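Trainee: Using only what follows, build the 3D model:
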Amino acid sequence: MRLLTHNMLACNVKGVVNGYPLRLEAEIVAERAADFQADFLRHIFGRIDWKALVSAARSLPEEHRVVDLPEEADPSMLDSEEFLRRFHRALLEIHVEKGALVCPESGRRFPIDKGIPNMLLNEDEI
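Mentor: Modelled structure (predicted):
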């Protein structure tokens, strides 16, 4: 699961009001090269919850932790190739292979296995 995916997921358990952002608990992380596409990054930037991205990137195990993202970002930074490359790495090249996503309100854990988050709800959660 890429951090792009993490940024778009929320807890949909019945009764949960504050189900975003999910806390990321990564156990196994891999880095996979992806083609750099500056136009895609510029396009997706406005849809990214920056604080959630930075929090997830900094919560990774030490050998994959992304600490070179700024605390805050604004569209003017999209003119910097250095910024775009850092954004690209965090968003598209980090893959969580095993771990969990945890609802901030209910504590419900959604497992991640083989890079796929299981967001299926139990019958009583619908």
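Trainee: I'd assumed His43 was in contact with Pro75.
Mentor: No - contact criterion Cβ atoms under 8 Å: Pro75 and His43 do not qualify, at 11.4 Å. Heads up, the C-betas are built off the backbone N, CA and C, glycines and all.
Trainee: now Ala100, what's its secondary structure?
Mentor: strand (DSSP: H, G, I helix; E, B strand; the rest coil).
Trainee: What count of nearby residues applies to it?
Mentor: 19 (other Cβ atoms under 10 Å).
Trainee: Now do the contacts for it.
Mentor: Residues in contact with Ala100 (Cβ atoms under 8 Å, 6 or more residues apart in numbering) are Glu25, Arg109, Phe110, Pro111, Ile112.
Trainee: Nearest to Leu4 among those residues?
Mentor: Comparing the contacts of Ala100 against Leu4 with Cβ to Cβ places Ile112 closest, at 14.1 Å.
Trainee: what does the strand or helix carrying the closest one rub up against?
Mentor: Following DSSP states H and E, one finds Ile112 within strand 109-113. Here strand 109-113 makes contact (Cβ under 8 Å, 6+ apart) with 1, 11, 22, 26, 96-103, 117-119.
Trainee: Would you mark the buried spots in that strand?
Mentor: Neighbour-count burial for strand 109-113, counted by 16 or more other Cβ atoms under 10 Å, picks out Phe110, Ile112.
Trainee: quick one: average confidence on it?
Mentor: Strand 109-113 carries an average pLDDT of 98.
Trainee: pLDDT weak spots in the chain?
Mentor: Judged against pLDDT under 70, the chain has no low-scoring part.
Trainee: ok, which stretches of it are strands?
Mentor: For the chain, the strands defined by DSSP state E occupy 23-31, 94-102, 109-113, 116-117.
Trainee: Distance to His88 for those strands - can I get that in a markdown table?
Mentor: Listed next are those as a markdown table, based on distance: least, Cβ to Cβ, whole Å:
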| stretch | distance to His88 |
| --- | --- |
| strand 23-31 | 12 |
| strand 94-102 | 10 |
| strand 109-113 | 22 |
| strand 116-117 | 21 |
